[in-house]
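> Sequence and predicted structure, then a few things I'm wondering about:
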Amino acid sequence: MSRDLINSICAALPGAEVSDPWGGGHDAWKVGGKMFACMGTANDGVSVKCADVETAQMLIDAGAGVKAPYFHRSWIRIPMDAPEDELRHRITSSYDIMRGSLTKKLQAALPPRG
């Protein structure tokens, strides 16, 4: 998979915005100001939020990803060569987690989730 494909998956999510908060070519995707996906400059994967630390560890143990460097233990990095459906599922799950953590007012201000 490519960086462009991952960015297109993220961009298709309602209210998703990209920024480069650390400079140097990072893609940090946010919804309502909360990050749900991030790619570094090494192009070795995308870091996504899991529901909890236990879910992240289960995915790491299953070989679906590795602990995301510099992130909380509830984040994993999915490799770029993961199947497209797995990438899409993990990115949209992370988006749903972060969108669901927003205040009701912020959630209502976002475009509806199709």
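In hand now; what should we look at?
> so where does the most centrally placed residue in the chain fall, helix or strand?
By Cα atoms, centre = their mean, the mean C-alpha position of the chain lies nearest to Ala37, the distance being 2.4 Å. Per DSSP states H and E: Ala37 is located in strand 34-39.
> Could you list the low-pLDDT ranges of this structure?
Within the chain, the stretches with pLDDT under 70 are 1, 114.
> follow-up on the earlier one: would you check that the residue nearest to the centre of the chain makes contact with Tyr95?
Yes. Here Ala37 reaches Tyr95: they are 7.4 Å apart, a contact under Cβ atoms under 8 Å. Backbone N, C-alpha and C define where each C-beta goes, glycine included.
> Now the common contact residues for those two.
Taking Cβ atoms under 8 Å, 6 or more residues apart in numbering as the criterion, Ala37 and Tyr95 both touch Cys10.
> I appreciate the help and will end here.
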